[in-house]
Structures are given as C-alpha cells and as structure tokens.
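Colleague: sequence and predicted model, in that order:
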Amino acid sequence: MSVGSIHVEGVSKKFRLERNRPSSIKEAMLRIGKKSDADDFWVLRDIDLQIEPGSFFGLIGHNGSGKSTLLRLMAGIHRPTSGTIESEGRLSALLELGSGFHPDLTGRENVFLNGAMLGLSRKHMAESMEQIIDFSGIGEFIDEPVKIYSSGMYVRLGFAVAVNVDPELLLVDEVIAVGDEEFQRRCMEHMNKLRAGGTTIVLVSHNTALMSDLCDTLGWLDHGRLMKLGDPDEVVAAYLAHVDKGDNTLKTRD
Amino acid sequence: MAVPRSLSFTLTPSMRKSVSLIYHFAERESKARYKRSILGWFWSFMNPLTTVVVYGFVFGIVYGAKAPLTNNGNAENFGLYLFTGLIVWSVFTGVVNGSMGWLIGVSDLRKKIYFPTETALLGGAAANAVQTTLEAVVLIAIMIVLANISWTVIFLFVALTQAMLFGLGIGFIVSVFNARYRDVQYLVGILLNVAFFTVPIVFTEDLLNRDEVPDLARTLITWNPPAVFVSIARDAMYYLEVPQWNYLVVGTAWAVTAFAVGWVYFRDQSMAISEEP
C-alpha cells in the first residue's frame, strides 16, 4: 500500500440504538437473552472505495446518510462491524467542533497533545507553534483553556493544527462552514497548497458546487449505501436529481 | 522533549507516540493532583506521615495491638507495621480506582480522535508510581532514623511493582466495564473495602495462626495477590529478611498474569469506547 492511500473494502457499520440500550447492570441482567435485531441500526452497508494518494475525494449525501461515520472509520475512531479499512501515512482529521481538544487544557497544551497523538515530537510542535497561532488568528487566547473559546475559535485552532502537522492524509468534515468568510477562504487556499504538496484529502460537505469544484472523485451516500462514485459533476447531478425527486414526492403528499 | 533521546533510537514510531502520550497523561495527572495548592508535593509527604502517627496511636496505644518486633528489635511499632502494608495496598487500589476515572476522562477525546487508549491508563499509573515513590521515601527515611534498614529495601520496590502491575491488570478490565455501566465504580469501591480485610494490614499475620481460624481462610489470607505483595514488602522493610522465594514467584505470577489478561482484554475492547454515549 502506498503512502496517502485509503482502502475501504466491504465495510459495514452498525450501532446499538440508544433507546434500547440498558443503562445499568440490573437492566442488562434482566435483558440477557432478549436481544433482538431491532436494537441495531446499520449506518453503513458494504462500502467499497479506493482513495489514491494525492487525490481530493469528496463525500456527499443527506443528513444521516453515513458520511461522518465513514470518515470516523477512516480516522480509526471506530472499528467497522465487518470489512476492512486500511490507510497508510500520517493521518490528520478534523471531524467536528473542537476535534481532539481537551476542554480543560489551554490551546497551546492541546496543540502539543494533538501532536503527540499524531506521533510528532514536542520539538516539532514547538517549531510549528508560531505558524499555528498565526494561522488560527486566536492570538493570546492560545494560553487560555479551550473551553472558553467561541465555536469559531475552536474550528480555527482545530484546522490550524490539522493542516500544520504535515499530514499525508487529511480528513475534513463540514466544520469549515463554522468559520467566517475570510477563514473559509484561507482554509481553501491551504487545502489547495496541501494538495499540491501531495496530501490526500477527504472532504465531507453539503455544498455541491464547492465539491464539484474541488474534488477529483466524489461519492454519494444514501442511507448507508454508496449510490454513485466517480466524476464529481455526474455524481452531483445524480444526487440533485434524487433530491428533486424526493422534493416532488413530499409536495404531492401534501 | 518528552522522550529521552536514548530511547528514541530503539523505539518504533508507534511506540514513540505511545511513550509521549503516556508522558503527557502522567504529567496531566500529576498537575491535577495538586492544582491550586500552595504546598503541592509537600502533601505527598504529610499524608503518609500522619497515617503512621494516627494508626500507630489508635491501634498501638488505644487498642494496645502488639506489632511483631522488627529486625533490630527496637522498632516494635504498629504504625510502621501497618504503613509498610498500606503503601502496597494503596498502589493497588489507587491504580484500580484511578483507571476507571482515567478512561472516562479521555473518552470524550477518544470519540473525536484516534489514539491508543491504554496510554491514558499507563500515564495515570506512572503518575501514581511517582506519588508512591515519595511515600516509599518517607517510609525509608523513618526506618533509617530508627536504624532498621538493610539492602533488602530493594524488595519493597519489587512488591510495589507487582502491586502496580496487578492493579493495572484489574484496572484494564474494570475500566472497560465502567465505561459501559457506571455502577461498576461503586461496586469496585465496595469490593475493595471488603478485600482490605483479606490482607494482613490492620491485623498481624500471627493472628491467623490461632486454631479458631479455618484453614481455608488462612490459605486465602496468606496467598491472595495483595497479601503476597504486602508480605514481600514487610520482609523487605520491617523484618529485613530476603522474602521467601515462593512468595516472590507467586507474587510475580499473579502480577504478570493479571496484567497480561487485562492488557489483551483492554486492547480488544477499547475500540468500542468511542461508541459509548
């Protein structure tokens, strides 16, 4: 496997449904042997994908289609229920607000912690610190606990860390939308720079125009299944056609 | 730099990552312990000192309990007898109780980013080891003052290491249970309270040699893991004898087995932590 690639083979993922989940040992004891399939929810079904090194891969789909779960599986946060996911190279992920930040630690301490999680030395992080503070634009707040940050500050610092650790694979979920116009523009610039440097990027977004603009390949997920994979314009067209059809059925029902 | 340079040559990148994470979690645990306190680490010395004095007074003077004679024959002191056992016991319980909190403490983080979760427990245990070393220093200092010290002191650290590994083994398992059902922490607390009295800490071993004590109880109280560790520590620090080899073997076997089983279980289950609500 070459550095910067992700192989997803026959991946399915199921979650236990919260409402059916015993919350104490007593309840769990009472339910022994009463397990039913209704407790499970399949978020992803039989996903096959190959992401090539240096490519810009996008995922689109309605809310709850499994995009974020697929990204989390790629990031190694969850283990697939069946199938395999393999990735090669240093993987940096920006999955949600405050991705990988501990609320009680200061911004600076969190930068070091994130570096440690990515296997980067303290020295390396100290060298990138200036750049990270600069990019995030959070200034002296870097020495305040991140729990007092605004959501915009969270995302800016998160993104600054994610892109300044020399990732070979970068996973980004929607979050950029939280930042202001100027920050979003800088994110795009920086992602393009990383891409030019050979970083593989996987992006999840609802912004179809942006996606067909940025991505080499696009995947469309619907209820946990990969409906279409390939040329961005074609996938977006198919997705929008499907959404329109859904709109029509809603209207006729009214 | 967190990782000593000499280490970084022999470690694989993923091991190096784990070592610096362990260091991070240990540092955090240590800092949190005396956060917002002026005297800080001073409390680490005060705690064991007061333990020796208070227990020595209550058991030795109020109850008139007789501790066995020490090696030099002049330190018959129930406080010290008790403290030698207690230091080992608190490593064990500190790690078992701590591990549940350490895992919960990183579970939110683990839902957002991948890192080897066991590093949180190993880091917490490392912080605990530092704390325990300070307590051991207090004990050793007192024994030096009383002129009841010998090279056998090294076996104190053997016993502490065994207790630590054994505690981590149990901690690996109960922390996973506790991540699922918070009842576990209360249950473990109660079980440890009970278990405390299956180890000769507040009572002396020779009480076991009376006829009223059933054979089974005697065997259990002699050979249960914490009791073995305590016995080794007592030999090392109180009687100043080389611990019997069978105690050393049994103690090591308990420690290594528990750690290995816990480790394997934790490695298998810890991925599911990110799916807990």
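Modeller: Perfect, thanks for sending it. Since the structure is predicted, the reported quantities are computational estimates derived from the model, not experimental observations.

Colleague: do you know the pLDDT at the residue of the stretch 101-250 of chain A found nearest chain B?
Modeller: The stretch 101-250 of chain A approaches chain B most closely through A:Gly119 (3.8 Å), counting by Cβ to the nearest Cβ. Heads up, the C-betas are built off the backbone N, CA and C, glycines and all. Note on A:Gly119: pLDDT of 80.

Colleague: so what's A:Glu9 up against?
Modeller: Contacts of A:Glu9 were listed using Cβ atoms under 8 Å, 6 or more residues apart in numbering or on different chains, and they are A:48, A:83-85.

Colleague: got it, and B:Pro68?
Modeller: Residues in contact with B:Pro68 (Cβ under 8 Å, 6+ apart) are B:76, B:81, B:204-206, B:238-239.

Colleague: show me those that map onto helices.
Modeller: Residues of those located in helices (DSSP state H): B:Tyr81.

Colleague: quick one, strands of chain A?
Modeller: Using DSSP state E, the strands of chain A run over A:6-16, A:40-51, A:56-61, A:82-87, A:91-94, A:169-173, A:200-204, A:217-222, A:225-230.

Colleague: dump those into TSV; add distance to A:Pro103 and mean pLDDT as well.
Modeller: TSV is the format used below for the strands of chain A (distance: least, Cβ to Cβ, whole Å; pLDDT from 0 to 100):
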stretch	distance to A:Pro103	mean pLDDT
strand A:6-16	25	90
strand A:40-51	27	90
strand A:56-61	28	92
strand A:82-87	28	92
strand A:91-94	17	86
strand A:169-173	20	90
strand A:200-204	24	93
strand A:217-222	31	93
strand A:225-230	35	91
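
Colleague: and the least confident of the contacts of B:Pro68?
Modeller: Per-residue pLDDT puts B:Glu76 lowest of the contacts of B:Pro68, at 70.

Colleague: find the nearest non-adjacent residue to that one, please.
Modeller: B:Leu69 (5.1 Å; Cβ to Cβ, 6 or more residues apart in numbering or on different chains).

Colleague: does the one you found really touch B:Leu80, like I thought?
Modeller: No: using Cβ atoms under 8 Å, B:Leu69 makes no contact with B:Leu80, being 11.5 Å away.

Colleague: more crowded one of these two?
Modeller: Taking other Cβ atoms under 10 Å in any protein chain shown, B:Leu69 and B:Leu80 do not tie; B:Leu80 has more neighbours (23 against 13).

Colleague: looking at the strands of chain A, spot the one closest to A:Glu130.
Modeller: Smallest distance to A:Glu130 across those (Cβ to Cβ): 18.7 Å, for strand A:91-94.

Colleague: hey, where'd the helices end up in the chain?
Modeller: By default, I'm working from chain A. A:25-30, A:67-74, A:107-117, A:122-136, A:151-163, A:181-196, A:208-214, A:232-253.

Colleague: that's the wrong chain, I meant chain B
Modeller: Under DSSP H, chain B gives helices at B:5-8, B:13-33, B:42-55, B:78-110, B:118-145, B:154-180, B:183-196, B:215-223, B:225-234, B:245-269.

Colleague: need those helices in TSV (columns: distance to A:Cys187).
Modeller: Shown next, in TSV, are the helices of chain B (distance: least, Cβ to Cβ, whole Å):
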stretch	distance to A:Cys187
helix B:5-8	34
helix B:13-33	27
helix B:42-55	47
helix B:78-110	23
helix B:118-145	30
helix B:154-180	35
helix B:183-196	42
helix B:215-223	63
helix B:225-234	55
helix B:245-269	36
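
Colleague: which of the ones you listed is buried the deepest?
Modeller: Comparing the helices of chain B by mean neighbour count (mean count of other Cβ atoms under 10 Å in any protein chain shown), helix B:225-234 ranks first with a mean of 26.

Colleague: give me the contacts around it.
Modeller: Contact with helix B:225-234 is made by B:81, B:84-85, B:87-89, B:92, B:155-156, B:158-160, B:162-163, B:166, B:195, B:198-201, B:205, B:221-222, B:243, B:247-248, B:250-251, B:254-255, B:258, as judged by Cβ under 8 Å, 6+ apart.

Colleague: off-centre distance for that helix?
Modeller: Relative to its chain's centre, helix B:225-234 lies at 11 Å (Cα atoms, centre = their mean, to the nearest Å).

Colleague: that one - what's its average pLDDT?
Modeller: For helix B:225-234, mean pLDDT is 95.

Colleague: what about residue 66, how many residues nearby?
Modeller: Let's take chain A. The number of residues near A:Gly66, taken as other Cβ under 10 Å, comes to 23.

Colleague: let's do chain B instead
Modeller: Neighbours around B:Lys66, by other Cβ under 10 Å: 13.

Colleague: just B:Tyr238 next, same as before
Modeller: Neighbours of B:Tyr238 using other Cβ under 10 Å come to 25.

Colleague: check the one 3 residues further on too.
Modeller: Around B:Glu241 sit 13 other residues, with neighbours defined as other Cβ under 10 Å.

Colleague: isn't it up against B:Phe155?
Modeller: No: B:Glu241 is beyond contact range of B:Phe155, at 9.1 Å (criterion: Cβ under 8 Å).

Colleague: overlap of the contact sets of these two?
Modeller: Shared contacts of B:Glu241 and B:Phe155, counting by Cβ under 8 Å, 6+ apart, come down to B:Asp235.

Colleague: could you dump the helices of chain A to a markdown table with distance to chain B and mean neighbour count?
Modeller: Listed next are the helices of chain A as a markdown table, based on distance: least, Cβ to the nearest Cβ, whole Å; neighbours: other Cβ atoms under 10 Å in any protein chain shown:
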| stretch | distance to chain B | mean neighbour count |
| --- | --- | --- |
| helix A:25-30 | 5 | 12 |
| helix A:67-74 | 8 | 24 |
| helix A:107-117 | 4 | 23 |
| helix A:122-136 | 5 | 16 |
| helix A:151-163 | 10 | 24 |
| helix A:181-196 | 19 | 15 |
| helix A:208-214 | 23 | 16 |
| helix A:232-253 | 28 | 13 |
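
Colleague: so for stretch B:263-270, what's the average pLDDT?
Modeller: In this model, stretch B:263-270 has an average pLDDT of 92.

Colleague: the bottom helix or strand of chain A by mean pLDDT?
Modeller: One helix or strand of chain A scores below all others by mean pLDDT, DSSP states H and E: helix A:25-30, with a mean of 72.

Colleague: output that helix as CSV, nothing but the C-alphas.
Modeller: Written as CSV, here are the backbone C-alpha positions of helix A:25-30 (Å, rounded to 0.1, in the frame of the first residue of the first chain):
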residue,chain,number,x,y,z
ILE,A,25,-26.2,-3.7,35.2
LYS,A,26,-29.5,-4.6,36.7
GLU,A,27,-31.3,-3.7,33.4
ALA,A,28,-28.6,-5.5,31.4
MET,A,29,-29.1,-8.7,33.6
LEU,A,30,-32.9,-8.6,33.0
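
Colleague: middle-most residue in chain B, spatially?
Modeller: The structure's chain B has its C-alpha centroid closest to B:Val91; by Cα atoms, centre = their mean the separation is 1.5 Å.
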